[in-house]
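>>> Coordinates only, no sequence provided:
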Ligand SMILES: Cc1ncc(COP(=O)(O)O)c(C=O)c1O
């Protein structure tokens, strides 16, 4: 069936390469691969299958439904649920062998009434993210109370960094120091967690003492750096490449207004190509101000506001024809457009760019 529309090309071989690069970087510490939000827009099932083939130790999603989707697709690897514990869904979680996040005294109270099958949990301590997790001051009481509960396995102890991908690391280091205190408390209480973890991609690169015996990698696996303030030495490459076809070409005179608001006016007589991809597909709308696409290694300026389904580019006299596919971001035979470059220009992040790819673009693996 012919398809004339935006495409997201996902290179699973590159994903596997990135996984091996990260694995080597952390000297084979077990990896929990973060595949939440449809694997950051890359396709949770396909990405999880590929990582399972590489022997990843754990997968992490956000919701129980995301976990069930992976189980239904035949994924056997351990799956951790980052979301707030939902007592109403314990049975379902247990049935699908999902490992749960326990992050408050109320969560423990609800777990006490559970008399079903064996359930694995990771205890979350808040060291400065101020999101989920028990505050440091209550950590000892929390750990003690957790050990009193039957039917659950205290498999993990963890926390999450707020600033590990920034250049200034004093806050991240203070979080690490608090987490070290908690690890000491757990030793004093004689609780042996199989996995102790707090490193996300930023911390893997910036706070190397935070690796403990598991790391939680997301963005690095997808081949992008979490920010420009981490070392960019790892030879990872983007897994996702976003392209879209030219669907119309028109000659216009100098002074022609293009797109909504008429904010862009051509400076000379030129040719405008309409490209079928818009903000509903994941082309970030603010990118029109400085944005461009690539074709045969040449940049073509986005002219005027990006529409919901289409955008326009100035192609001048270039040889571009109906049906030609231009590069929106990623890397292919037409060149390379780094999502961090776009993110920096529009005050966004690589995370936002990949996770806001819409449902329309055809994903090609
Ligand atoms: C709790 C938690 N751990 C780990 C990660 C992975 O982060 P990154 O993609 O920066 O490696 C995330 C992602 O947001 C997260 O929410």
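Here it is on my side, so go on. As the structure is a prediction and not an experimental result, all values here were calculated from the model.
>>> biggest helix in this structure, by residue count?
If you go by DSSP state H, the chain has its longest helix at helix 170-188.
>>> buried ones in that helix?
Across helix 170-188, burial judged by 16 or more other CB atoms under 10 Å covers 172-173, 175-176, 178-179, 182-183, 185-186. To be clear about C-beta, it is placed using only N, CA and C from the backbone, and glycine gets the same treatment.
>>> Next: stretch 332-344.
Those would be 334, 337, 339-340, 342-343, for stretch 332-344 by 16+ other CB under 10 Å.
>>> can you give me the mean pLDDT across it?
Across stretch 332-344, pLDDT averages out at 96.
>>> Same question for stretch 145-163.
Computed over stretch 145-163, the mean pLDDT rounds to 96.
>>> Run the chain-centre distance for that stretch.
24 Å (CA atoms, centre = their mean, to the nearest Å).
>>> That stretch near the ligand anywhere?
Yes. Residues of stretch 145-163 contacting the ligand under CB under 6 Å from any ligand atom: residue 160.
>>> just checking, residue 245 touches residue 273?
No. Counting by CB atoms under 8 Å, residue 245 sits too far from residue 273 to count as a contact (9.8 Å).
>>> Compare those two (neighbour count), which wins?
Higher neighbour count among residue 245 and residue 273: residue 273, with 25 against 19, using other CB atoms under 10 Å.
>>> For the ligand, see how far away the more buried one is.
Distance from residue 273 to the ligand, counting by CB to the nearest ligand atom, to the nearest Å: 35 Å.
>>> Can you name the next helix or strand after the helix or strand hosting that residue?
Per DSSP states H and E: residue 273 is located in strand 270-275. For strand 270-275, the following helix or strand on the C-terminal side (DSSP H and E) is strand 292-295.
>>> Quick check: residues of the protein near the ligand?
34, 82, 160, 200-202, 216-219, 226.
>>> please redo it, this time with the cut-off set to 5 Å
34, 82, 160, 200-201, 216, 218-219, 226 (CB under 5 Å from any ligand atom).
>>> Show me how the protein divides into domains.
Here the domain assignment for the chain is 12-217, 240-364, based on automatic domain parsing.
>>> can you list the buried residues of stretch 332-344 in CSV and add secondary structure?
Formatted as CSV, those follow (DSSP: H, G, I helix; E, B strand; the rest coil):
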residue, secondary structure
334, coil
337, strand
339, helix
340, helix
342, helix
343, helix
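>>> quick one: which of those is nearest to residue 109?
residue 343 (41.6 Å; CB to CB).
>>> what residues are up against the closest one?
With contact taken as CB atoms under 8 Å, 6 or more residues apart in numbering, residue 343 is in contact with 349-350, 352-353.
>>> ok, these vs residue 230, which is closest?
Nearest to residue 230 among the contacts of residue 343, with distances taken as CB to CB, is residue 350, at 11.5 Å.
>>> Can you point out the buried residues in stretch 74-81?
Buried residues in stretch 74-81, counted by 16+ other CB under 10 Å: 75, 77-81.
>>> again, but for stretch 18-33
Within stretch 18-33, the residues that count as buried by 16+ other CB under 10 Å are 18-19, 21-23, 25-26, 29-33.
>>> Okay, and which of those map to helices?
Going by DSSP H, the helices hold 18-19, 21-23, 25 from those.
>>> Adding pLDDT, write the residues you listed out as TSV.
Shown next, in TSV, are those (pLDDT from 0 to 100):
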residue	pLDDT
18	98
19	98
21	98
22	98
23	98
25	97
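>>> Going by distance to the ligand, which of those residues wins?
Distance to the ligand across those (CB to the nearest ligand atom) is lowest for residue 22, with 9.5 Å.
>>> so who does the closest one touch?
31, 204, 215, 217, 220-221, 234, 236.
>>> Just want the residue of the stretch 51-200 of the chain that's nearest the ligand.
At 3.5 Å from the ligand, residue 200 is the closest residue in the stretch 51-200 of the chain, using CB to the nearest ligand atom.
>>> residues contacting that residue?
Contact partners of residue 200, counting by CB under 8 Å, 6+ apart, are 34, 160-161, 164-165, 216-218, 226.
>>> May I ask which of those residues has the most neighbours?
That'd be residue 164 among the contacts of residue 200, by other CB under 10 Å, with 27 neighbours.
>>> before we move on, back to that, tell me the one among the contacts of residue 200 nearest to residue 284.
Using CB to CB, residue 226 comes nearest to residue 284 of these, at 17.6 Å.
>>> sec struct for that closest one, please.
Taking three-state DSSP, the label given to residue 226 is coil.
>>> State the distance from it to residue 214.
18 Å (CB to CB, to the nearest Å).
>>> ok so, going back, so can I have CSV of the contacts of residue 200 showing secondary structure?
Output for these, formatted as CSV (three-state DSSP):
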residue, secondary structure
34, strand
160, coil
161, coil
164, coil
165, coil
216, strand
217, strand
218, coil
226, coil
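>>> Closest one to residue 58 out of those, please.
Set against residue 58, the nearest of those by CB to CB is residue 216 (8.3 Å).
>>> my guess is residue 102 meets residue 125, correct?
No. Using CB under 8 Å, residue 102 makes no contact with residue 125, being 10.6 Å away.
>>> Pairing partners for the closest residue to residue 102 other than its chain neighbours in the sheet, please.
In space, and not counting its chain neighbours, residue 102 is closest to residue 121: 4.6 Å by CB to CB, 6 or more residues apart in numbering. Listed by DSSP bridges, the beta-bridge partners for residue 121 are residue 100, residue 154.
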